[in-house]
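Student: next comes the sequence, and after it the predicted model I'd like to discuss.
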Amino acid sequence: MTHIEKATDLFGRNFHCSQSVFAAFSEELGITEEQALKIGACFGSGMRKGEVCGACVGALMVLGLKYGQAKEQDIDSRLKTNEVTDKFLDEFKKENGSYMCKDLLGCDLSTEEGVAEARAKKLFTEFCPKMVESAAIILAEMLKE
């Protein structure tokens with residue numbers, strides 16, 4: 001199963017978008033799928049407020065695992081992380097029009113009414129899987145480089 005297939009499979013099994021993307025790539029970067037699912041649990045639906053799309057957040061967590069700064073003096077890692085963050089978000093926005101959940105969905109998930117609207121329009125089951133797939137595709141390409 002590819003990373004992309006795994007991400008969409010996890011999302012289809014009722015994990016958040018953030019969990020699905022993060023867990024699909026986590027094991028080869030040193031953490032278990034279970035750890036990734038737990039770490040990514042609070043970031044779905046734009047942190048439940050319609051902010052940065054959870055699929056993007058999951059991808060950024062993967063990039064952080066791969067490139068992130070872990071030593072105080074390692075400024076090169078900080079610069080690399082900044083670079084890959086910008087590249088990922090720019091590419092996701094180019095592909096999808098935005099990386100903000102509320103813009104992508106067209107409703108405000110920080111309110112009960114917005115969540116109800118998203119459910120009524122089946123956005124979580126019909127639109128969000130496309131965002132998970134998009135994030136996983138972009139991330140897989142970036143990790144090849």
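Tutor: Great, that's in hand.
Student: would you mind listing the buried residues in the helix or strand containing residue 134?
Tutor: For residue 134, the element it lies in under DSSP states H and E is helix 128-144. Buried residues in helix 128-144, counted by 16 or more other Cβ atoms under 10 Å: 128-129, 131-140, 142-143. Every C-beta, even on glycine, is put in place using the N, C-alpha and C of the backbone.
Student: again with stretch 83-92
Tutor: 84-85, 88-89, 91-92.
Student: can you put those in JSON lines and add secondary structure, pLDDT and distance to residue 56?
Tutor: JSON lines is the format used below for those (DSSP: H, G, I helix; E, B strand; the rest coil; pLDDT from 0 to 100; distance: Cβ to Cβ, whole Å):
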{"residue": "84", "secondary structure": "helix", "pLDDT": "98", "distance to residue 56": "12"}
{"residue": "85", "secondary structure": "helix", "pLDDT": "98", "distance to residue 56": "10"}
{"residue": "88", "secondary structure": "helix", "pLDDT": "98", "distance to residue 56": "7"}
{"residue": "89", "secondary structure": "helix", "pLDDT": "98", "distance to residue 56": "7"}
{"residue": "91", "secondary structure": "helix", "pLDDT": "98", "distance to residue 56": "10"}
{"residue": "92", "secondary structure": "helix", "pLDDT": "98", "distance to residue 56": "6"}
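Student: quick one on the thing from earlier: will you turn the buried residues of helix 128-144 into CSV that also has pLDDT and distance to residue 117?
Tutor: Output for the buried residues of helix 128-144, formatted as CSV (pLDDT from 0 to 100; distance: Cβ to Cβ, whole Å):
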residue, pLDDT, distance to residue 117
128, 97, 14
129, 98, 18
131, 98, 17
132, 98, 20
133, 98, 23
134, 98, 22
135, 98, 23
136, 98, 26
137, 98, 27
138, 98, 27
139, 98, 29
140, 97, 32
142, 97, 33
143, 96, 35
